[in-house]
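Engineer: only geometry, no sequence info:
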């Protein structure tokens with residue numbers, strides 16, 4: 001009987017300890033993500049008319065990061081790891097565009113404005 005009580009107490013303590021470890025690692029990951037205040041935002045417009053282009057596919061070369069411009073032609077990539085990035089566009093009836101290399105450091109926000117030319121230009 002005494003051995004069973006000790007065994008149950010041991011199982012409960014081990015379970016609580018592993019729960020604490022999972023919670024700490026989860027909190028650390030959340031804190032680390034919150035610390036990444038690195039972003040690339042921008043605006044995509046038509047080269048000849050100056051009008052904002054909605055629905056342009058925007059991706060970061062060499063990654064799986066992708067977004068689309070909103071109705072005002074704006075896009076944003078948040079919480080980026082520090083590094084070098086190139087932003088690429090795809091839009092029906094327009095030529096694809098690739099930005100210059102953007103070096104993103106810790107707590108840096110970059111703004112990028114892209115002008116797209118129609119495919120027949």
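Structural biologist: Thanks, I have it. In this text, all values refer to a predicted model and were calculated from it rather than measured experimentally.
Engineer: any idea how this protein splits into domains?
Structural biologist: 1-35, 37-116 (automatic domain parsing).
Engineer: Quickly, which of the ones you listed bottoms out on average pLDDT?
Structural biologist: Least confident of the domains of the chain, judged by mean pLDDT, is domain 1-35 with a mean of 52.
Engineer: mind listing the helices for the protein?
Structural biologist: Assignment of helices within the chain using DSSP state H yields the ranges 2-35.
Engineer: which residues sit in contact with the residue lying closest to residue 109 once chain neighbours are set aside?
Structural biologist: Of all residues not flanking residue 109 in the chain, residue 39 sits nearest, at 4.9 Å (Cβ to Cβ, 6 or more residues apart in numbering). Glycine gets a C-beta too; all of them are placed from N, C-alpha and C. Residues near residue 39 by Cβ atoms under 8 Å, 6 or more residues apart in numbering: 76, 77, 78, 79, 80, 108, 109, 110.
Engineer: burial measure for the closest residue to the first one other than its chain neighbours, as a count.
Structural biologist: This means residue 76. Nearest residue to residue 76, sequence neighbours excluded (Cβ to Cβ, 6+ apart): residue 41, at 4.4 Å. By other Cβ atoms under 10 Å, 14 other residues sit near residue 41.
Engineer: On the strand side of things, show who residue 41 bridges to.
Structural biologist: Following DSSP bridges, residue 41 is listed with bridge partners residue 76, residue 111.
Engineer: next one: the one 5 residues further on
Structural biologist: Assessed by DSSP bridges, residue 46 has beta-bridge partners residue 116.
Engineer: Touching, it and residue 116? I think so.
Structural biologist: Yes - the pair residue 46 / residue 116 is scored as a contact, 6.3 Å apart, by Cβ atoms under 8 Å.
Engineer: burial of the nearest residue to residue 106 once chain neighbours are set aside, as a residue count?
Structural biologist: Nearest residue to residue 106, sequence neighbours excluded (Cβ to Cβ, 6+ apart): residue 82, at 5.6 Å. Neighbour count of residue 82, defined by other Cβ under 10 Å: 12.
Engineer: isn't residue 82 right up against residue 102?
Structural biologist: No - counting by Cβ under 8 Å, residue 102 is not a contact partner of residue 82; they are 11.3 Å apart.
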